[in-house]
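J.: A predicted structure for the sequence below; I have some questions about it.
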Amino acid sequence: MVAWLLIFGFAVSSSLDNLGVGISYGIWGIRINYLSNLIIAVICFILSMTGIISGQWLAKVLPGVLPVLIGALLLFIVGTRIILLAVPRKHQDSSQDREEAKEAISGGALGEILKNPETVDKDKSGSIGYVEAAVLGVALAANAITNGIGAGLMGLSPLAISLTAAIGSYFTVWLGVFLGQKMSAIRIGSFTVGQFSTVLSGFIIILIACNSFFG
């Protein structure tokens with residue numbers, strides 16, 4: 001029962017992260033078609049599975065309770081990082097923001113893509129193409145690899161986590177784009193709705209880490 005609750009927690013966390021990005025796209029009026037969304041979900045599945053299998057291998061190598069402790073610490077770091085990525089920055093000129101994001105993408109800084117998801121639409125077409133979907137999928141699944149390693153160290157099912165993460169990704173990206181078109185003016189404190197979803201996903205990962213460490 002506890003294992004399934006942890007799997008559900010991982011699925012909700014990754015889904016909220018994707019929901020936040022989807023909302024950001026909706027606010028910017030950028031569309032993601034069904035096939036592009038499927039590409040994102042498939043990449044999420046593959047990288048989640050890769051992370052979990054790697055974690056399971058490490059669990060066999062490391063002695064005693066060390067795998068669980070390392071997994072919990074890893075998840076705590078990831079959750080904290082997700083929250084920090086979503087914290088609003090001081091106001092900058094919008095052209096400067098876009099330029100920094102472009103440089104980050106060219107340098108492979110996936111965290112910056114999560115902070116500025118609209119910059120993945122490089123051709124400014126107003127919709128995400130297949131190559132752009134692959135870039136976004138890797139950006140969104142970057143945390144899934146680390147989460148997967150943590151889950152693998154805890155001995156959770158690779159297929160269950162990867163499938164729920166992929167299905168959740170597909171649904172929440174679509175839902176996020178839809179909601180973003182309706183909720184562009186809504187803020188929760190100093191956060192946009194998209195940023196708040198990302199912060200919430202980080203807190204869930206931290207709660208999973210604490211449960212594994214103290215449970």
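T.: Arrived safely, thanks for sending.
J.: alpha carbons only for contacts and neighbour counts from here, please
T.: Noted.
J.: quick one: contacts for the closest residue to T164 other than its chain neighbours?
T.: Leaving aside its sequence neighbours, T164 sits nearest to A11 (CA to CA, 6 or more residues apart in numbering; 5.7 Å). A11 is in contact with 161, 164-165, 168, counting by CA atoms under 8 Å, 6 or more residues apart in numbering.
J.: name the element A11 belongs to?
T.: helix 2-28 (DSSP states H and E).
J.: now I83
T.: Going by DSSP H and E, I83 is in helix 66-86.
J.: what is the distance between that helix and the centre of its chain?
T.: Computed by CA atoms, centre = their mean, to the nearest Å, the chain-centroid distance of helix 66-86 equals 13 Å.
J.: just the ones of the contacts of A11 in helices?
T.: Residues of the contacts of A11 located in helices (DSSP state H): 161, 164-165, 168.
J.: where does the chain have low pLDDT?
T.: Filtered on pLDDT under 70, the chain yields the residue ranges 1-2, 86, 88-126, 143, 184-185, 194, 212, 215.
J.: please, where are all the strands along it?
T.: Using DSSP state E, the strands of the chain run over residues 31-32, 127-128, 187-188, 191-192.
J.: out of these, which is the most enclosed?
T.: strand 127-128 (a mean of 22; mean count of other CA atoms under 10 Å).
J.: give me the sheet partners of that strand and which way each runs.
T.: Applying DSSP bridges to the sheet, strand 127-128 is found paired with strand 31-32 (parallel).
J.: count the residues that sit near the nearest residue in space to I53 that is not next to it in sequence.
T.: Excluding its sequence neighbours, the residue lying closest to I53 (CA to CA, 6+ apart) is G152, at 6.2 Å. Residues near G152, counting by other CA atoms under 10 Å, number 28.
J.: and G152, how far from S14?
T.: Remark: distance between G152 and S14 (CA to CA, to the nearest Å) = 16 Å.
J.: so V68 sits right up against N211, yeah?
T.: No: look at V68 against N211 with CA atoms under 8 Å: they stay out of range, at 10.8 Å.
J.: give me the more crowded residue out of the two.
T.: V68 (21 against 13).
J.: nearest spatial neighbour of the more buried one, skipping sequence neighbours?
T.: M154 (5.1 Å).
J.: pull the contacting residues for the one you found.
T.: 56, 59, 67-68, 71, 212.
J.: I'd like these written out as TSV, with distance to S201 added.
T.: Formatted as TSV, those follow (distance: CA to CA, whole Å):
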residue	distance to S201
Q56	24
A59	25
P67	23
V68	21
G71	17
S212	17
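J.: quick one: which of those residues is nearest A144?
T.: Distance to A144 across these (CA to CA) is lowest for G71, with 13.2 Å.
J.: just to revisit the earlier point, and the contacts of A11, which is closest to I82?
T.: Looking across the contacts of A11 and measuring by CA to CA, the closest to I82 is A165, at 16.6 Å.
J.: what separation do you get for the residue nearest to that closest one when sequence neighbours are not counted and A144?
T.: Spatially, and ignoring its direct neighbours in sequence, A165 is nearest to A11 (4.9 Å; CA to CA, 6+ apart). With distances taken as CA to CA, A11 is found 10 Å from A144.
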